[in-house]
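1. here is my input; please provide its structure:
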Amino acid sequence: MRSLTLIQSQCGWSFREFYDAFILPSLTALHLSGAESEIAKVNFPTAYLHLTRLLSLIRRSQCSLMSLALRNLHSFDDDILALLDEIPTLLHLEIHELPTEGDFGNIAITKRFLSEMTFNQRNPRANRSLLLTFLESLSFRVRPFDYASAFVRMVQSRWIPNPEYASAMRR
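-> Next comes the predicted model:
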């Protein structure tokens, strides 16, 4: 199997039950989603990433993920950063913040997350732990935030028309 999409839209099960059951060495695309409709979000519990078990699946499968989508999951930036650190082959990343009512901040796409994803073009050697050096496409859906400049810096840092900088990023 090359692509797997799991959507938790019912009460009574979670992704971790599936993570433990699979070994997917050919997996290149993984899409995980919590409830999408307003009715489902009210009636069903929040979907969680279950980082430890997901990492176990990826390691056990020894797969080369190229596409990852995390939609409407209760996932903190630390968990997502740890996950991304394990999948350097990623080309396409999509993260949708968990939609909530009220004035809640973003928990996945934070200023720290954006900082970790920013490439330092002035000092490429400082990027030894840069995440996702081969990333080609990025899609975020976030709640309003006051750190737009961090987002702009991250995107600009990855827009590298200069071949010399591009090769330095992928070392």
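2. residues in contact with residue 76?
-> By CB atoms under 8 Å, 6 or more residues apart in numbering, the residues touching residue 76 are 107, 108. All C-beta spots, glycine's among them, are computed from the backbone N, C-alpha and C.
3. any idea how many residues pack against the nearest residue to residue 110 once chain neighbours are set aside?
-> Once flanking residues are discounted, residue 110 sits nearest to residue 77: 4.4 Å by CB to CB, 6 or more residues apart in numbering. Number of residues near residue 77 (other CB atoms under 10 Å) recorded here: 19.
4. same deal with the one 3 residues further on?
-> A count of neighbours around residue 80, defined by other CB under 10 Å, yields 24.
5. I'd like the distance between it and residue 25.
-> 23 Å (CB to CB, to the nearest Å).
6. the residue nearest to residue 110 contacts residue 115, correct?
-> No - in this structure, residue 77 is not within contact of residue 115 by CB atoms under 8 Å, at 10.0 Å.
7. just confirm residue 151 is within a helix.
-> Yes - under DSSP: H, G, I helix; E, B strand; the rest coil, residue 151 falls within a helix.
8. is it in contact with residue 114, as I believe?
-> Yes - if you go by CB under 8 Å, residue 151 and residue 114 touch, sitting 5.6 Å apart.
9. I'd like to know which helix or strand in the chain has the lowest mean pLDDT.
-> helix 38-43 (a mean of 51; mean pLDDT, DSSP states H and E).
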